[in-house]
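K.L.:
Please work out how this folds:
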Amino acid sequence: MLERSGRPVLHPGAPAREVTAGRVSFAGPRWDWGDGAPFDALTTALRRVRRGEGGTLLVRGSFGSGRSTLLRAAASHAEQGGFRTLRMFGHIAERDVSLGLVEQLMDALEGLDGRPGSLPDCGPTLYRVLRGLTRRSPVLLCVDDVQWVDPASLSCLGYVTRRIENLPLLIVVAVREGEPASDPAGVAELAGGGVCHGVVTLEPLTHGETVEVARRHASGASDLAAAAAGEVCWRLTRGNRLLLREAIRLLDTRVAVTDQTAAGPELAARVTADLERLAPRAVVSAIAELGDAADREMLAHVTGLLEHDCEDAVRALTAAGFVRADRAGLVHPLVRATVVAHTSATVRAALHGSAACRLRSRRSPAERIARHLLHVSPGFRPWAAETLLSAAHAEILHRGPGAAPLIDRALRENLPASTGAELVIELGRAFLRRDIAGAPPCFDRAAALTAVPRLLADAAVGKATALFHLGRHDEARRTLEPVAGSGPLRSLFTTSPVPAGWVPRAGLGHLDLLVDCLGEFRAGRLTEEACDREAARARQRGDLCHEAVALLMRGHLALSAGRLAVARRGLAEAQARLVEAGAARTSALLRLAFTGQAEAAVRSGDTAAAARALDATAGFDRLTSAWWDAVLLVTRAEVRVAAGDVDRARADLLNFHDWLDGRSDAPALISSRRARAAVLAHRTGLGDHARRFASRALDVARAAAPADRAATDPSGGHLDLGLALHAFGVVHGDPDALLRATRLLAGTRARLDTAQAHVDLGAELRRRRRNREARHHLREGLTLGVVCGSDELVARAEDELVVAGGRLRRPPPHLLTNGEERVAVLAGEGLSNGEIARRLCITRRTVEAHLTRTYRKLSITNRSQLPRALRDHCLPHD
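P.N.:
Now for the predicted structure:
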């Protein structure tokens, strides 16, 4: 056995440990005994023996705990202190040999008289021999693996232990836990029959102790390399001292040690022999191969043994410390790898195939079955491909790393090329929902499997979608070039407006939703409730991108409505979903989320937060032709104006002007930015550009909102026209245009834009010395600014109001919270408390509490009064 051959393992660089028992000095390198408790117990026992207090010391430990090494170290140090040491050990092959241990002792004492002649006088004779030795010097008798000692020898040892109380004799007995003893009663008597100086239980090393042993062994390596070696040793051995010694040996040989690294031949032979002694080889191989799936019923199925036989085998392996007590599987990866390495490939495949069939009959999840199908040959069962692809889909949704091997293995089954391509395309779309970076290779694989034009087009659109989210827009365009017809990406790449209500169907739901939302947003028909419903449905499906689009549009709606705090939270949530899905920071959707956060922050007066949001958009210094970069330009200019960086703000506005030059129209989010750019250009001294921005914005708004459309859908027509008139009035100093803008914007949800129009109109009237009219509009803008939470606008309105001769009158402190406002709006639309609770995903009790506080704040008594009260408090209500 390895533990009995050679010297104790002493790691280089370990500190010396000094323990003293009378004249016995234990000095030398410390082996990996954790806190040193075993040495302390030996020290105490030897001290008592030197005083004439004989007795026994029991050392207990499982496989590889270091019992034999501890006994060798104790004997070596005791000899240095003047003790006479005798070492014996039991062997499994001699457990039935009567008096085998006594014969070992007598052979060690050859030349002495008094060898026992028969069993009855064996105990007294052994006692007389040992008593004679103690008259010369203290004696240490070490008996290892006492569980394998024959009953007759155990009886003799028991006779001695009951009579050594007054002798300088210490008997150290080591027993291996989990091994069936030849005479359990005799082993128990050794510890309890005489004077017992203690029981030492050798536990595995802790994580920190294992790492420290490996670090000291690799004293010449860097700290990082030593720490990595320590983690490897812990992962392979779980603190088992024998296995730790083998792991360090493997590291010394420069072997790339992984969880699949097997032990060397000598240790492998010992481990295999120990395991097969405790359980049938088939059971051990099944536990090593199947891991967590190797329960009692599964073991019986794959090995062909009876269930109670498998249960007995597992119980024996657990008691010996090889198998986990809480769940199936071997404790030590090094032992598992050793067993697997000594199991033939045919046996392993048969075990996994049988386990896969059994799990399928149990209706287990596809991912559990697929783990076993990876180890069997193609063509194993007709259902293998479907199970593997289902498992790959689940792996993608859970952001696991194992989808690619499952797809590769499924494609090796006998599938028609078109069927395989369709399945891989579906998996690519699953990647788009949960892990965007893995989608392009998946779509490339689908395209390589088929020549069907429809499937090639689907693969190209899917790959372009992934590239679009990853910010690789040029590659996405090139990917789409061979695909005929239009799709959601083509519309997103263009700068033309998206027709309202148009939803292309290409199997890419989140981009369909984005295109449709842009059209509805421009037409004024998109509502936050619709976005909430879309987000809830996407959340149930686990579709992160779809949910992110809904949250993104809801955030921009809240921003347009002037609910800045709600907008910032919603856009931050959309950003989190996109990041979780793996979108790159140059992705269009992620840039729109950052843009909205920056705009909401700067209008709230938080310039630092706005700057941080813009800094998060990597690669923005290079202007592209994409319209989302144009949206970012205007927002960055606004942030720089607020921060006082006028020169760089002018550069952004000039770049935006260059981007618009030659474009007849732009998507929905660009129309409001054109008007905003006019106001910013006017404030930064770019008079000519401001007039061009304002005139072009007014022309586009009038062309896009004819009289018949405005009559049927006034909110959609009035928003763009109101924003354009506001910009025109600010640039040209026209109070009539500003007055008309306030009236048009008052009929929309754009509360913050309405407030800005009122403040700009009041400022213009004040400059024309029409102070009475100016104060009215400034107070309107001030009230709306407070409701929206725009500190920047409130401060400006207050300054203008003071100059106009007005007094500051703060709005009463009865403004509704965001939750109260949303519940009040839905209640005003006629929804019941239950319907409101289901739509907002809250409890009915929460709805009732919000309505109670709303009635008190608005001084009303029932929900029929809500619509008028909401309008009086400048809250949006259709």
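K.L.:
what about the nearest residue to Pro151 once chain neighbours are set aside, how many residues close to it?
P.N.:
Excluding the flanking residues, the one nearest Pro151 by Cβ to Cβ, 6 or more residues apart in numbering is Asp183, at 4.0 Å. Any C-beta I mention is one placed from the backbone N, CA and C, and that applies to glycine too. By the measure other Cβ atoms under 10 Å, the count of residues near Asp183 is 19.
K.L.:
Might you report the residue contacts of Asp183?
P.N.:
149-151, 154 (Cβ atoms under 8 Å, 6 or more residues apart in numbering).
K.L.:
now the strands for the stretch 151-300 of the chain?
P.N.:
Along the stretch 151-300 of the chain, counting by DSSP state E, counting those that start in this stretch, strands occupy 169-176, 196-202.
K.L.:
Most tightly packed of these?
P.N.:
strand 169-176 (a mean of 26; mean count of other Cβ atoms under 10 Å).
K.L.:
quick one: strands adjacent to that strand?
P.N.:
strand 55-61 (parallel), strand 139-144 (parallel) (DSSP bridges).
K.L.:
right, and those strands - which one's nearest Arg640?
P.N.:
Comparison of those against Arg640 by Cβ to Cβ identifies strand 55-61 as nearest, at 70.9 Å.
K.L.:
how far out from the middle of the chain is the closest one?
P.N.:
46 Å (Cα atoms, centre = their mean, to the nearest Å).
K.L.:
and what of stretch 457-467?
P.N.:
For stretch 457-467 - counting by Cα atoms, centre = their mean - the centre lies 27 Å from the chain centre.
K.L.:
try stretch 456-469
P.N.:
27 Å.
K.L.:
Kindly report the same for stretch 333-344.
P.N.:
30 Å.
K.L.:
Average pLDDT for that stretch, rounded please.
P.N.:
Per-region confidence: stretch 333-344 scores 86 on mean pLDDT.
K.L.:
Which residue ranges make up the domains of this structure?
P.N.:
Under the assignment automatic domain parsing, the domains of the chain span 2-203, 209-252, 580-803, 818-872.
K.L.:
Output these in TSV, with mean pLDDT and distance to Val461 appended to each entry.
P.N.:
Below are those laid out as TSV (pLDDT from 0 to 100; distance: least, Cβ to Cβ, whole Å):
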stretch	mean pLDDT	distance to Val461
domain 2-203	74	58
domain 209-252	82	44
domain 580-803	78	16
domain 818-872	82	33
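K.L.:
Same list (the ones you listed) but as CSV, adding distance to Glu289.
P.N.:
Below are the domains of the chain laid out as CSV (distance: least, Cβ to Cβ, whole Å):
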stretch, distance to Glu289
domain 2-203, 20
domain 209-252, 18
domain 580-803, 34
domain 818-872, 46
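K.L.:
quick one: which of those is nearest Glu386?
P.N.:
Using Cβ to Cβ, the nearest of these to Glu386 is domain 580-803, at 26.2 Å.
K.L.:
Need the distance between the two termini of the closest one.
P.N.:
50 Å (Cα to Cα, to the nearest Å).
K.L.:
re earlier: ranking the strands paired with strand 169-176 by burial, who's on top?
P.N.:
strand 139-144 (a mean of 25).
K.L.:
Pull the residues that contact it.
P.N.:
By Cβ under 8 Å, 6+ apart, strand 139-144 touches 4, 46, 49, 67-68, 71, 74-75, 78, 83-90, 101, 130, 133, 149, 157, 168-174.
K.L.:
and those, which are buried?
P.N.:
With burial judged by 16 or more other Cβ atoms under 10 Å, the buried subset of the contacts of strand 139-144 is 46, 49, 67-68, 71, 74-75, 78, 83-90, 101, 130, 133, 149, 157, 168-174.
K.L.:
Just the ones in strands from the residues you listed, please.
P.N.:
Mapping these onto strands (DSSP state E) picks out 84-89, 169-174.
K.L.:
Would you mind putting those into CSV with distance to Arg839 alongside?
P.N.:
CSV is the format used below for these (distance: Cβ to Cβ, whole Å):
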residue, distance to Arg839
Arg84, 88
Thr85, 83
Leu86, 85
Arg87, 81
Met88, 81
Phe89, 77
Leu169, 85
Leu170, 80
Ile171, 80
Val172, 76
Val173, 74
Ala174, 71
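K.L.:
and which of the residues you listed is nearest to Ala824?
P.N.:
Among these, and counting by Cβ to Cβ, the member closest to Ala824 is Ala174, at 78.1 Å.
K.L.:
my guess is that closest one contacts Ser62, does it?
P.N.:
No. Ala174 is beyond contact range of Ser62, at 11.8 Å (criterion: Cβ atoms under 8 Å).
K.L.:
how far away is Val195 from Glu547?
P.N.:
73 Å (Cβ to Cβ, to the nearest Å).
K.L.:
Next, Ser832: phi, psi?
P.N.:
The phi and psi values for Ser832, taken as degrees, to the nearest 10, are phi -80, psi 170.
K.L.:
quick one: it from Arg839, how far?
P.N.:
11 Å.
K.L.:
which one of those two has more residues nearby?
P.N.:
Taking other Cβ under 10 Å, Ser832 and Arg839 do not tie; Arg839 has more neighbours (17 against 13).
K.L.:
Please name the residues that touch the closest residue in space to Leu559 that isn't next to it in sequence.
P.N.:
Excluding the flanking residues, the one nearest Leu559 by Cβ to Cβ, 6+ apart is Ala567, at 3.9 Å. Going by Cβ under 8 Å, 6+ apart, Ala567 touches 555-556, 558-559, 596, 600.
K.L.:
okay, Ala567: pLDDT?
P.N.:
On the pLDDT scale, Ala567 gets 84.
K.L.:
Look up how far Arg577 lies from Cys841.
P.N.:
From Cys841 to Arg577 the distance is 16 Å (Cβ to Cβ).
K.L.:
More neighbours: the two, which one.
P.N.:
Taking other Cβ under 10 Å, Cys841 and Arg577 do not tie; Arg577 has more neighbours (25 against 10).
K.L.:
and the next element down the chain from the helix or strand encompassing the more buried one?
P.N.:
Here Arg577 sits within helix 564-581, counting by DSSP states H and E. Using DSSP H and E, the helix or strand that follows helix 564-581 in sequence is helix 588-604.
K.L.:
Please write out the alpha-carbon positions of that next one in CSV.
P.N.:
C-alpha atoms of helix 588-604 as CSV (Å, rounded to 0.1, in the frame of the first residue of the first chain):
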residue,chain,number,x,y,z
ALA,A,588,-29.3,50.2,-32.1
LEU,A,589,-31.7,49.1,-29.3
LEU,A,590,-29.2,49.6,-26.6
ARG,A,591,-28.2,53.0,-27.9
LEU,A,592,-31.9,54.1,-28.0
ALA,A,593,-32.1,53.0,-24.3
PHE,A,594,-29.0,55.0,-23.4
THR,A,595,-30.3,58.0,-25.4
GLY,A,596,-33.7,57.9,-23.5
GLN,A,597,-31.9,57.7,-20.2
ALA,A,598,-29.7,60.6,-21.0
GLU,A,599,-32.6,62.8,-22.2
ALA,A,600,-34.7,62.0,-19.2
ALA,A,601,-31.7,62.8,-16.9
VAL,A,602,-30.8,66.1,-18.5
ARG,A,603,-34.4,67.3,-18.5
SER,A,604,-34.6,66.3,-14.8
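K.L.:
returning to that earlier point: look at Val195 and Glu547 and report which has more neighbours.
P.N.:
When Val195 and Glu547 are compared for neighbours, Glu547 comes out ahead with 27 against 14, by other Cβ under 10 Å.
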